[in-house]
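Student: build the 3D model from these lines:
(one chain, ligands or ions: 2)
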Amino acid sequence: MTQQGYADFERAVAEFFQREGLNSISVGRLACPSCGADGKEWRDHWFQKGTCPDCGARREEWEGPRFSWWPCDVCGSHRGGNRSTCIGHNPTTHEVQGEYEVCDDCLCYVEYGRLDDQTVAAMG
Ligand SMILES: [Zn+2]
Ligand SMILES: [Zn+2]
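Tutor: Ligands and ions are numbered 1, 2, ... in the order given. Have a look, this model is predicted:
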């Protein structure tokens with residue numbers, strides 16, 4: 001990634017948050033990818049216990065990270081790499097939105113407000 005690439009990346013991420021009306025995203029799911037169960041109680045169980053209370057699907061198998069060529073929903077990157085399934089919180093509607101397939105760069109950026117040192121160093 002170049003300096004220009006970094007600027008483009010930051011803009012793409014900012015645009016995503018604006019477009020979706022979100023203030024944060026984190027790894028998670030809106031509904032069970034295996035049996036379709038959903039709702040707040042389901043999400044709490046999924047998040048805290050790491051399994052679906054209805055069918056026993058395991059969080060780690062369904063949220064990733066897993067390798068994909070699918071473009072990242074946040075920055076639009078087409079580079080092959082890890083994608084994790086994320087949901088976001090909309091502070092205006094108080095709704096949970098998603099799901100988004102998100103690359104490692106975006107997860108790091110969202111969590112720490114910057115890219116990791118290795119990625120930045122590679123920008124030259
Ligand atoms: Zn389930
Ligand atoms: Zn991304």
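
Student: what helices and strands are in contact with whichever helix in the chain runs longest?
Tutor: Looking across the chain with DSSP state H, the single longest helix is helix 3-20. Helices and strands touching helix 3-20, by 3 or more CB pairs under 8 Å, 6 or more residues apart in numbering; DSSP states H and E, are helix 104-112. Where you see a C-beta, it was placed from the backbone N, CA and C, and this is true even at glycine.

Student: just list the residues touching the residue most central in space within the chain, thanks.
Tutor: Nearest residue to the geometric centre of the chain (CA atoms, centre = their mean): Cys86, 3.4 Å. Residues in contact with Cys86 (CB atoms under 8 Å, 6 or more residues apart in numbering) are 25-28, 98-102, 107.

Student: before we move on, what about Phe9?
Tutor: The contact partners of Phe9, taken as CB under 8 Å, 6+ apart, are 1, 75, 105, 109, 115.

Student: okay if I get the residues you listed as JSON lines plus pLDDT, neighbour count and distance to ligand 1?
Tutor: Output for the contacts of Phe9, formatted as JSON lines (pLDDT from 0 to 100; neighbours: other CB atoms under 10 Å; distance: CB to the ion, whole Å):
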{"residue": "Met1", "pLDDT": "65", "neighbour count": "16", "distance to ligand 1": "38"}
{"residue": "Cys75", "pLDDT": "95", "neighbour count": "21", "distance to ligand 1": "30"}
{"residue": "Asp105", "pLDDT": "92", "neighbour count": "21", "distance to ligand 1": "30"}
{"residue": "Tyr109", "pLDDT": "92", "neighbour count": "20", "distance to ligand 1": "31"}
{"residue": "Leu115", "pLDDT": "73", "neighbour count": "20", "distance to ligand 1": "34"}
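
Student: how close does the residue lying closest to Ile25 once chain neighbours are set aside get to ligand 2?
Tutor: Nearest non-adjacent residue to Ile25, counting by CB to CB, 6 or more residues apart in numbering: Gly88, 4.0 Å away. Computed as CB to the ion, to the nearest Å, the Gly88 to ligand 2 distance reads 14 Å.
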